[in-house]
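Visitor: I'd like to go over a predicted model; first the sequence, then the structure.
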Amino acid sequence: MDCLFCKIVAGEIPAHKVYEDDKFIAFLDIKPVNPGHALIIPKAHYRNLFDMPSDLMSELGPLIKKIALAVKEATKAEGINIGWNNEPAAGQLIYHSHTHIMPRFVGDGFEHWHGKTEPTSEEFAKLATDIKKNLLES
Ligand SMILES: [Zn+2]
């Protein structure tokens, strides 16, 4: 498979690895938002969040915290963003699931995405209802 991140897992392409276990690796993003920006990826190939099995997701959660704390300490970051781009509309560029751990500093200029739209209270209520209807058992 012609996948950049599978090649990193296989050791065919070098990366600055910061963590490895039997199911995941983490390495530094080559185009960091701030220095120390790391990516956590499953060793097995999944496109993104949507096709990752739930048991793997439950192992990823604690690992996100572990890496985020290590990045925060190492970079003396004042905050950490966790990012996950799923599908092109959300800015996904590499189609091998990856979670961004992004160190943040006050005034670093990285734009926040909150507050770009202003749904009415009726729209909020309909959205909440529609999302609850679509919750999947997994
Ligand atoms: Zn892959």
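Guide: That came through fine.
Visitor: quick check: bridge partners of the residue nearest to the spatial centre of the chain?
Guide: Residue closest to the average C-alpha location in the chain (CA atoms, centre = their mean): T99, at 1.9 Å. For T99, the beta-bridge partners are I40 (DSSP bridges).
Visitor: contact partners for it?
Guide: For T99, the contacting residues are L39, I40, I41, L60, I64, I82, G83, W84, by CB atoms under 8 Å, 6 or more residues apart in numbering. All C-beta spots, glycine's among them, are computed from the backbone N, C-alpha and C.
Visitor: now do N81
Guide: With CB under 8 Å, 6+ apart, N81 has these contacts: V33, H100, M102, R104, F110.
Visitor: any idea how far M102 is from the ion?
Guide: For M102, the distance to the ion (CB to the ion, to the nearest Å) stands at 21 Å.
Visitor: my read is that that residue contacts P35, right?
Guide: No - using CB atoms under 8 Å, M102 makes no contact with P35, being 10.6 Å away.
Visitor: of those two, who's got more company?
Guide: The neighbour comparison of M102 against P35 (other CB atoms under 10 Å) goes to M102, with 22 against 12.
Visitor: one step back: out of the contacts of T99, who's nearest A90?
Guide: Checking the contacts of T99 against A90 with CB to CB, the nearest one is W84 at 8.3 Å.
Visitor: how about the backbone phi and psi for the closest one?
Guide: phi -150, psi 110 (degrees, to the nearest 10).
Visitor: where does the residue nearest to K7 when sequence neighbours are not counted land in three-state SS?
Guide: Spatially, and ignoring its direct neighbours in sequence, K7 is nearest to I13 (4.3 Å; CB to CB, 6 or more residues apart in numbering). What DSSP: H, G, I helix; E, B strand; the rest coil gives for I13 is coil.
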